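Chemist: Just need the structure, nothing else, for what follows:
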Amino acid sequence: MCFNLMCSTGSLPRHFKLIPEKPIIVLQGGTGQIICEATGTSVSKLQWKKVLSPSVEQSVPENMVVDIKDEGNNLVKAILKVTNAQAQDTGEYKCLLTAYGKTARKLTRIRVDGKLVI
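Modeler: This is a model prediction of the structure:
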């Protein structure tokens, strides 16, 4: 039985990926972004978290994430954008997909390098 387009017997979308799929390096003070995207009418939520330790993670501030829903193509994106990158932005980040009460995750890393001096 379905309620509000959510069915408990559904499966997670097959299309769930990060763009780029590899970790990124951002220069201090620079800008970088990672796109988390999923396709399917079942996607109820994409959320970014920063992994602080194996058992501790925190939600990424809302001003660092742009959510895009393209209902015509059943595409959902959560773009993690780091602006004015600082050392504390370095770390492991996790994109969580929630659909039908189930969760999937993709992990990536962001590394902030010092400014280039010439």
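Chemist: Residue nearest the middle of the chain, spatially speaking?
Modeler: residue 95 (3.5 Å; CA atoms, centre = their mean).
Chemist: Excluding residues flanking it in the chain, which one is nearest residue 68?
Modeler: residue 77 (4.3 Å; CB to CB, 6 or more residues apart in numbering). The C-beta positions use only the backbone N, C-alpha and C, and glycine is treated the same way.
Chemist: hang on, isn't that neighbour packed against residue 39?
Modeler: No. With contact defined as CB atoms under 8 Å, residue 77 and residue 39 do not form a contacting pair (10.0 Å).
Chemist: what's residue 50 in contact with, if anything?
Modeler: 57, 58, 60, 91, 92, 93, 94 (CB atoms under 8 Å, 6 or more residues apart in numbering).
Chemist: How far off centre is stretch 11-21?
Modeler: Taking CA atoms, centre = their mean, to the nearest Å, one finds stretch 11-21 lying 10 Å from the centre of the chain it belongs to.
Chemist: what does it contact?
Modeler: Counting by CB under 8 Å, 6+ apart, residues outside stretch 11-21 touching it are 34-40, 42-43, 95, 97, 99-100, 102, 104, 106, 108.
Chemist: Ok, stretch 35-42 next?
Modeler: With CB under 8 Å, 6+ apart, stretch 35-42 has contacts from 5-7, 10-19, 46, 48, 73-80, 95, 97, 99-100, 106.
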